[in-house]
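**Student:** Next one to model:
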Amino acid sequence: MAEKHFTYDDAASRVSTSQEVGARALRAVRWFRWFVALQTVFALAFTLSIDVFGAPYWIAFALLLLASAPVWATAYRHSLSAPRHGLRNTGIAVATWFALYTLMLDPALQLVGVSSPWWWVLAGTVAASPIAACLWASSRR
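**Tutor:** Numbers count the residues shown, from 1 in each chain. Down below sits the predicted model:
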């Protein structure tokens, strides 16, 4: 078994190189946080546009799709630099938001007859929270 001996300068050089690679990897993944933040903003905007501002559902849905499509296309183009399972988790979170809002919170609040916009803001924030949770999952090292 061959023994490897490194000089102090060689070891210091390798450590600094690994730190530079780590910093470049973190910079390469930085776009993912913006991607998740945009998806959260789009979800909250969709919720508020329908229930607070009274926009027609299908127009708001079409605008959501038009806004999200280029963002998702860009994310898939850069999927190699995404955090592990990041796009999958964000897709699951977006589906959870849509089901939670469309099938549970919106009908429940309409059934009760809520008229205050603050209830809709709260419902939109709660529904969009799974998407926002992907921000912390993507910041792990």
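**Student:** so residue 101 sits right up against residue 50, yeah?
**Tutor:** No: judged on CB atoms under 8 Å, residue 101 makes no contact with residue 50 at a distance of 9.2 Å. All C-beta atoms are positioned from the backbone trio N, CA, C, and that covers glycine.
**Student:** pLDDT (mean, whole number) over stretch 126-141?
**Tutor:** The average pLDDT within stretch 126-141 is 78.
**Student:** Listing request: residues of this structure with sub-threshold pLDDT.
**Tutor:** For the chain, the stretches with pLDDT under 70 are 1-3, 23, 25-28, 137-141.
**Student:** Longest helix in it, please.
**Tutor:** Longest helix in the chain, counting residues (DSSP state H): helix 8-51.
**Student:** That helix packs against which elements?
**Tutor:** Using 3 or more CB pairs under 8 Å, 6 or more residues apart in numbering; DSSP states H and E as the contact test, the elements touching helix 8-51 are helix 57-77, helix 86-99, helix 106-112, helix 117-138.
**Student:** For the shortest one, give me every contacting residue.
**Tutor:** The one in question is helix 106-112. Contact with helix 106-112 is made by 50, 51, 119, 120, 123, as judged by CB atoms under 8 Å, 6 or more residues apart in numbering.
**Student:** For the residue nearest the centre of the chain, give me its contacts.
**Tutor:** For the chain, residue 36 is the residue whose C-alpha lies nearest the centre (CA atoms, centre = their mean; 2.1 Å). Listed by CB under 8 Å, 6+ apart, the contact partners of residue 36 are 90, 131, 132, 134, 135, 138.
**Student:** Now it. Nearest residue, chain neighbours left out?
**Tutor:** Residue nearest to residue 36 in three dimensions, not counting chain neighbours: residue 134, with 4.7 Å by CB to CB, 6 or more residues apart in numbering.
**Student:** re earlier: among the contacts of helix 106-112, which one lies nearest to residue 105?
**Tutor:** Taking CB to CB as the measure, residue 105 lies nearest residue 123 of those, at 4.3 Å.
**Student:** Return the distance of that closest one relative to residue 48.
**Tutor:** Residue 123 is 10 Å from residue 48, where distance means CB to CB, to the nearest Å.
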